[in-house]
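> Please work out how this folds:
(one chain, ligands or ions: 2)
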Amino acid sequence: MSVEKTLATAELGFGASMDRLFELLRIPSISTDPAYKAQCQQAADWLVKELSSLGFDVAARPTGGHPMVVAHYKSKMATSKTPHVLFYGHYDVQPVDPVELWHTKPFEPTLKTDERGVKRIYGRGTADDKGQLMTFVEAAHAWIKTTGTLPINATFLIEGEEESGSPSLLPFLRANKKELSCDVAYVCDTNMWDEKTPAITTRLRGLVHEEITITSPSIDLHSGMYGGAAMNPIRALSKLIAALHDKNGRVTIPGFYSGVAELPKPVKKQWASLKFSEKKFLGAVGLKSAAGEKGRSVIELIWSRPTAEVNGIWGGYTGTGGKTVIPSKAHAKLTFRLVGKQNPKSVLAAFQRFAKKQMPKDAVITFSGHGGGSPASEISESNVYIKKSSAALKAEFKKEAVLMGSGGSIPIVRSFKDILGMDSVLVGFGLNDDAIHSPNEKYNVSSFERGIKSWVRIMGALSE
Ligand code: BES
Ligand code: MN
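Ligands and ions are numbered 1, 2, ... in the order given. The predicted model follows:
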């Protein structure tokens, strides 16, 4: 009964929900760039104001980096059986560059309707993760407006460092273990199966970063005076990068696949039954064939296989015109996506050994990754909260939710389990074409609206 009423409130108030989302989207809270520290604080403060107006006990808690927004709500309908549920999202966003490729200003959210009548909100953070986190904030808004309370006891944890690897997260979870340990965590930072089909994500890959510098001559050299005699660090870097994969797309670092298991047969079968169109998925981004390990499906490659990826390389002269130089240094940033029991530290160590071995004479490699990293997470599909949430999603979308994997990483999921002993249910409303981390990021208005309504239903279902 109250679920239906609350859904009606959410529908009526949807315009105001959009306005609030747009306010948050206008704050350029780029966590990876120290120049935006104040803006990260501003986004945290905005959330504090919003949640406190709903009656949450909330604060932006300082950390070594950007603040953590922690908000608690004790249900006025609570009985001893009412669960305490944590909801997680992140208010920080990725950098906007290359900014010249945006069709609208990244921090001026813009509503556009396409030929099919599909409405989308364009801007950095629309899908990752402000639009998503606002779905549960707005659901709470609708519940409180309709019934004067939430139907469950809730804690909202909204982080500001997800896009920079969550450096403050572990100490924060450890220091506030008792306060943050709930019956279950809901994480809203993943995708739907497609525009019409909801999904619950049960696997995420882990991630570890590395940064390398190769130095050959001690200073930049004239490439005529020294060319042929001096080792060029870009040549050494290219050799290393080229050696990372064999001709079958397999990573060649010795020991890299330790802890990576083959998929259980039933999982393989379920994935095969999903009717995933590789052609469409790759075609949408201008590609024709999968570049990973040969003989594996695209879904398998993304959801269950590890990667060694170069995210950027630089060195030497890249300005206009030519310059005849042998540079002193060359650099690269790499990331490794991890699966199964792969250990971030061991993977880094294996890479470093491998990289040193690849260096020709007079090329010295140094490593300046910040260590850390997080292993992959897997959530049991028989979890009772997954069952309840599937039913609620089905009621909203009139379609069964797909249990799926994801290639992305959300380090907190693993920490919730390891530190707080808490399982996570990953329910999100993003789509593959949202262009997260890319120019022209967008979130469909239908994702936002049905996301809010889905949380209204899930919160209701959890109170029963
Ligand atoms: N929301 C993403 C992860 C994601 C993307 C999950 C797509 C499911 C589908 C998250 O915010 C993210 O981008 N995480 C980073 C990790 C971080 C340590 C930089 C990632 O995966 O690159
Ligand atoms: Mn992200």
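> what's the burial count for the closest residue to ligand 1 within the stretch 351-464 of the chain?
Nearest to ligand 1 in the stretch 351-464 of the chain, going by C-beta to the nearest ligand atom, is G408, at a distance of 2.6 Å. Backbone N, C-alpha and C define where each C-beta goes, glycine included. For G408, the number of neighbouring residues by other C-beta atoms under 10 Å comes to 18.
> just R205 next, same as before
Residues lying near R205 (other C-beta under 10 Å) number 26.
> quick one, what contacts the closest residue in space to it that isn't next to it in sequence?
Distances taken as C-beta to C-beta, 6 or more residues apart in numbering put R337 closest to R205, at 4.3 Å, once the chain neighbours are dropped. Contacts for R337 (C-beta atoms under 8 Å, 6 or more residues apart in numbering) come out as 205-207, 306-307, 309, 407, 409.
> Pull out the buried members of those.
Taking 16 or more other C-beta atoms under 10 Å as the criterion, what is buried in those is 205-207, 306-307, 407, 409.
> And those residues, which is closest to ligand 1?
S409 (3.8 Å).
> end to end, how far does stretch 283-298 reach?
Across stretch 283-298, the terminal residues are separated by 13 Å (C-alpha to C-alpha, to the nearest Å).
> Next: stretch 245-255.
Stretch 245-255: ends 14 Å apart by C-alpha to C-alpha.
> Now that stretch: buried residues?
Residues of stretch 245-255 classed as buried by neighbour count (16+ other C-beta under 10 Å): 245, 249-251, 253.
> So which residues on this protein come close to ligand 1?
Contact residues (C-beta under 6 Å from any ligand atom) of the chain with ligand 1: 128-129, 162-163, 165, 189-191, 207, 406, 408-411.
> swap the cut-off to 8 Å and go again
Residues of the chain found near ligand 1 (C-beta under 8 Å from any ligand atom) are 90, 94, 128-129, 132, 162-166, 189-191, 201, 204-205, 207, 209, 335, 337, 374, 406-411, 426, 428, 430, 436-437.
> The residues you listed, buried ones only, as a ChimeraX selection?
A single ChimeraX command suffices to select whichever of the residues of the chain next to ligand 1 are buried according to 16+ other C-beta under 10 Å:
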select :90,94,128,129,132,162,163,164,165,166,189,190,191,201,204,205,207,209,335,337,374,406,407,408,409,410,411,426,428,430,436
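> The residues of the chain next to ligand 1 in strands, which ones?
Using DSSP state E, the members of the residues of the chain next to ligand 1 that fall within strands are 90, 201, 204, 207, 209, 335, 337, 426.
> Correct me if wrong: the first one contacts S164.
No - the pair formed by H90 and S164 falls short of the contact definition of C-beta atoms under 8 Å, at 10.1 Å.
> For ligand 1, what is the nearest residue in the stretch 1-150 of the chain?
For the stretch 1-150 of the chain, C-beta to the nearest ligand atom, closest residue to ligand 1: D128, 4.9 Å.
> For the closest residue to that residue other than its chain neighbours, give me its contacts.
Spatial nearest neighbour of D128, excluding adjacent residues (C-beta to C-beta, 6+ apart): I436 at 3.9 Å. By C-beta under 8 Å, 6+ apart, the residues touching I436 are 94, 127-128, 430.
> any idea which of these is closest to V364?
Lowest distance from V364 to those (C-beta to C-beta) belongs to Q94, with 32.1 Å.
> looking at it, T324 is touching H222, isn't it?
Yes - here T324 reaches H222: they are 6.6 Å apart, a contact under C-beta under 8 Å.
> Could you count how many residues lie near A35?
A35 has 8 nearby residues by other C-beta under 10 Å.
> ok, and for the helix or strand bottoming out on mean pLDDT in the chain, which residues are buried?
For the chain, using mean pLDDT, DSSP states H and E, the weakest element among its helices and strands is helix 265-272, scoring a mean of 91. By neighbour count on 16+ other C-beta under 10 Å, the buried set for helix 265-272 is 267, 271.
> what do you get for stretch 366-386?
For stretch 366-386, a neighbour-count test (16+ other C-beta under 10 Å) marks 369, 372-377, 379, 383, 385-386 as buried.
> ditto for stretch 344-353
Going by neighbour count (16+ other C-beta under 10 Å), the buried part of stretch 344-353 is 344, 346-348, 350-352.
> Show me what it is in contact with.
Identification of contacts with stretch 344-353 by C-beta under 8 Å, 6+ apart yields 206-208, 210, 253-256, 258-259, 306, 308, 334, 336, 338, 367, 369, 371-375.
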